[in-house]
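Visitor: A predicted structure for the sequence below; I have some questions about it.
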Amino acid sequence: MLIRQGDARDSRLDRKLAFALAWVAGGLNAAAFHEVGFFSANMTGNVSALSSLLAMGQWGHALGYLAIVLSFIIGSMVSTLAIGSGLRRGIGTIYARVILAEAALLAALGLTRMALDRSAGVPMLIIGLAFLMGQQNAIVTHISNARVRTTHVSGMATDIGIGLARMLDILRGKAGPADRGEITTRLSLHTGTVLSFLLGGVAGVLAWRIVGDLCFVIAGLVLAAIAATSIRRAGQTVPQNDPLD
């Protein structure tokens, strides 16, 4: 799931990756919003809020939203640099290892949040989650050649609408059936990812209500399990001179 890249991946691998990581991202985004009232992965909404606050001259509040957006971008940048370095060095498990790093940082964030005063830890939680969501989105974008997104649904909702329109044209005889298989595959991927994000959000809020900030640690363990499984299954194919082994 986290080893094959680009055209070497099939639709089954894309779906497994998208559904699992979208479930985690949906849970984190919803749990954080339920707790502190901010979205860590919705950059469209955050940039809109930033522009509104700037227009009203509320510079202090605007800086908070700017920090969220910049943190997401920096997370994506750091992830891309790590992936690029790993690929240049021939580390076949680099994507799984970056996910493992995300898992460790997420667990550390949850534990730190539990140790801090609740109000004092709000900026750290949102900025930290934005960084991690940027990191995760960059990973799946690279490994799938941009076919998969897991931390937001706007683009996927658009793709679902486009796919449904193309299927409707085929059913009405306005277009040939040659692309039916590809359209169906993409609809399955995008619809399943959106549903996974939705169900993950429900699970995230319920988990936060039951165990509080420990839910972020649990999410980190889920990501660690996904990454560790990929690394273990790739063990026989990873070069023996892998410098990170």
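Guide: Sure thing, it's come through. Everything numeric here is computed off the predicted structure, so don't read it as measured data.
Visitor: gap between the top helix by length along the chain and the chain center?
Guide: Determined from DSSP state H, the single longest helix within the chain is helix 180-211. Between the centre of helix 180-211 and the centre of its chain there are 12 Å (C-alpha atoms, centre = their mean, to the nearest Å).
Visitor: following element in sequence after that helix, please.
Guide: Where DSSP states H and E defines the elements, the next helix or strand beyond helix 180-211 is helix 214-233.
Visitor: tell me, what's the model's pLDDT at the residue of the chain most remote from its centre?
Guide: Residue farthest from the centre of the chain, counting by C-alpha atoms, centre = their mean, is residue 173 at 37.7 Å. Listed pLDDT for residue 173 reads 82.
Visitor: helix, strand, or coil at it?
Guide: Per DSSP: H, G, I helix; E, B strand; the rest coil, the secondary structure class of residue 173 is coil.
Visitor: before we move on, the earlier item: can you give me the buried ones in the longest helix of the chain?
Guide: 183, 185-187, 189-194, 196-197, 200-201, 203-205, 207-208 (16 or more other C-beta atoms under 10 Å). Heads up, the C-betas are built off the backbone N, CA and C, glycines and all.
Visitor: again, but for stretch 107-123
Guide: 107, 109, 110, 113, 121, 122.
Visitor: can I get it as PDB, trimmed to CA atoms?
Guide: C-alpha atoms of stretch 107-123 as PDB (Å, rounded to 0.1, in the frame of the first residue of the first chain):
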ATOM      1  CA  ALA A 107       1.300  10.500  19.300                       C
ATOM      2  CA  ALA A 108       3.800  13.000  20.800                       C
ATOM      3  CA  LEU A 109       1.300  15.800  20.000                       C
ATOM      4  CA  GLY A 110      -1.500  14.000  21.800                       C
ATOM      5  CA  LEU A 111       0.600  13.200  24.900                       C
ATOM      6  CA  THR A 112       1.900  16.700  25.100                       C
ATOM      7  CA  ARG A 113      -1.600  18.100  24.800                       C
ATOM      8  CA  MET A 114      -2.700  15.800  27.700                       C
ATOM      9  CA  ALA A 115       0.100  17.300  29.800                       C
ATOM     10  CA  LEU A 116      -0.700  20.900  29.100                       C
ATOM     11  CA  ASP A 117      -3.500  23.200  30.300                       C
ATOM     12  CA  ARG A 118      -6.400  22.800  27.800                       C
ATOM     13  CA  SER A 119      -6.500  26.400  26.700                       C
ATOM     14  CA  ALA A 120      -2.800  26.800  26.500                       C
ATOM     15  CA  GLY A 121      -2.500  23.800  24.200                       C
ATOM     16  CA  VAL A 122      -5.000  25.000  21.600                       C
ATOM     17  CA  PRO A 123      -2.500  26.700  19.200                       C
END
